[in-house]
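>>> next comes the sequence, and after it the predicted model I'd like to discuss.
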Amino acid sequence: MTEFEGDIADSVSDASLARSVARSNEIERQLATDPGRFRVLTGDRPTGRLHIGHYFGSHANRVRLQEMGVEQFNLIADYQVIYDRDGVGEIRENVLNALADYVGMGIDPARTPIFTHSSIPALNQLMLPFLALTTDSELRRNPTVKDELANSDRPMSGLMLTFPVHQAADILFCKANLVPVGKDQLPHIELTRTIASRFDQRYGRATPEAPIFPFAEALLSDVPLLLGTDGTKMSKSKGNTIEIGMDADTTARLIRRAVTDSDRHITYEPEKRPEVSNLVQLAALCLDRTPESVAEELGDAGGGGLKKLVTEAVNEYFAPIRERRNEAIADPAQLWAILAEGNERATAVAEQTLSEVRQAMQMDY
Ligand code: TRP
């Protein structure tokens, strides 16, 4: 993965973003030589199917880190499903499909435990002392919470208000010191550090030598955001996403319907030609080439030529992933066993951390 250069996020100051970018690039170099220094926490909300935007934006990087030998915990954040909706939706189906997606894309459950919030009581219990270390105004200042307050037409739940604290528990229960995120997530990592250091100041330690919780940092990625096949934000409700689990024919049909423009000459100009450039970008990601070289090769091939290339590239890239995924989903019992095993491992880690927390808080009766 190339180094992150990044433009400026609204929620973090230029200077602070620049520091995070520099530090993330330094970590990227350390990962190559000393992967054992890091433990990574990643996660997804199981609200729908994973699509190729998720894959290139996040999951491909998880597999890369796993293959570099970085220890990783992969959370299916089921308690995050209910912070902004009334019911759990198709939660079992979504969790099962997430498991199949992970296995298909190469997350190896033997190396990378996959677990669900609701199965790890000790993780959730960390919420209580952590909530005591966080103020209401800090939470209301969090950009995701602020955005929800400003733009949602539904009353904000207590879980929504406090979800940044829950995310801190996700990261800290397993003592992860590295979290792959986009720059909009930097405030969450900062709050995680605040909670960890306040815990140390107010409640102390299990042993005098070291704080219980690590200093968590962000690993930023510069993967461009993929848009949907209509050139707007990918969203299940718009039917513009290519899911990892779709078959080749469905993929071909979706790409055939994709929006392009009337200029037959293919270029990569994301600002001027978002729809065409997005398709060029997608082909480039699948072919591991630069979008510029893909556009140049296509030349005057027009929208049809572009779509043909994108279809072939996507279907070829995802063929082995889909094959493994199909095999996995055909055996749900095996997938549930993978989750049970991940939950067991995450529980052991969470209970160890919670026992240190109890000790520090003198609540180890
Ligand atoms: N909110 C993340 C998502 O929507 C998932 C997640 C839950 C997460 N807890 C986390 C990510 C902690 C990083 C750290 O995909």
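Received, thanks. Residues are numbered from 1 along each chain as shown.
>>> assign a three-state SS to Leu75, would you?
strand (DSSP: H, G, I helix; E, B strand; the rest coil).
>>> next one: it from Ala98, what distance?
If you measure Leu75 against Ala98 using Cβ to Cβ, to the nearest Å, the figure is 10 Å. In this view, the C-beta of every residue, glycine as well, is placed from N, C-alpha and C.
>>> equivalent analysis for Ala319, please.
For Ala319 relative to Ala98 (Cβ to Cβ), the value is 20 Å.
>>> looking at those two, which is more packed in?
Looking at Ala319 and Ala98 with other Cβ atoms under 10 Å, you find the greater number of neighbours at Ala98, namely 25 against 11.
>>> residue numbers of the stretch 201-350 of the chain in contact with the ligand?
Within the stretch 201-350 of the chain, no position lies close to the ligand (Cβ under 6 Å from any ligand atom).
>>> OK, contacts around the residue of the stretch 201-350 of the chain found nearest the ligand?
Closest approach between the stretch 201-350 of the chain and the ligand, counting by Cβ to the nearest ligand atom: Ala216, at 9.0 Å. Taking Cβ atoms under 8 Å, 6 or more residues apart in numbering, we find Ala216 in contact with Ile171, Leu172, Ala176, Asn177, Leu178, Val179, Ile189, Thr192, Arg193, Ala196.
>>> got it, and Ala346?
Phe73, Pro113, Phe115, Ser119, Ile120, Leu123, Phe173, Cys174.
>>> now for the residues you listed: which two are most distant?
Ser119 and Cys174 (13.8 Å; Cβ to Cβ).
>>> these two - which one has more neighbours?
Taking other Cβ under 10 Å, Ser119 and Cys174 do not tie; Cys174 has more neighbours (26 against 18).
>>> please report how far the more buried one lies from the ligand.
Relative to the ligand, Cys174 is positioned 10 Å away (Cβ to the nearest ligand atom, to the nearest Å).
>>> test my guess that that residue contacts Val40.
No: counting by Cβ atoms under 8 Å, Cys174 does not reach Val40; the two are 9.4 Å apart.
>>> quick check: neighbours shared by these two?
Phe73.
>>> secondary structure element for Thr267?
Using DSSP states H and E, Thr267 sits within no helix or strand.
>>> can you pull the contacts of the closest residue to it other than its chain neighbours?
Among residues not flanking Thr267 along the chain, Ala295 sits closest, at 5.2 Å (Cβ to Cβ, 6 or more residues apart in numbering). Counting by Cβ under 8 Å, 6+ apart, Ala295 touches Ile266, Thr267, Tyr268, Val280.
>>> now, of the residues you listed, which are buried?
Burial by neighbour count, judged by 16 or more other Cβ atoms under 10 Å, picks out Ile266, Thr267, Tyr268, Val280 from the contacts of Ala295.
>>> with pLDDT and distance to Asp230 added, can I get those in a markdown table?
Converted to a markdown table, the buried ones among the contacts of Ala295 look like this (pLDDT from 0 to 100; distance: Cβ to Cβ, whole Å):
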| residue | pLDDT | distance to Asp230 |
| --- | --- | --- |
| Ile266 | 98 | 18 |
| Thr267 | 97 | 19 |
| Tyr268 | 97 | 18 |
| Val280 | 97 | 16 |
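>>> I'd guessed Gly299 sits against His265; true?
Yes: taking contacts as Cβ under 8 Å, Gly299 lies within contact range of His265: 6.9 Å.
>>> and the strands in this protein, which stretches?
39-44, 71-76, 114-116, 178-181, 217-220 (DSSP state E).
>>> closest one to Glu243 among those?
Using Cβ to Cβ, those put strand 39-44 closest to Glu243, at 13.4 Å.
>>> how is this protein carved up into domains?
Following automatic domain parsing, one finds the domains of the chain at 14-225+335-360, 236-329.
>>> so what's the residue nearest to Asn278 when sequence neighbours are not counted bridging to?
Nearest residue to Asn278 in three dimensions, chain neighbours excluded: Leu227, at 4.3 Å (Cβ to Cβ, 6+ apart). Beta-bridge pairing of Leu227 under DSSP bridges involves Lys233.
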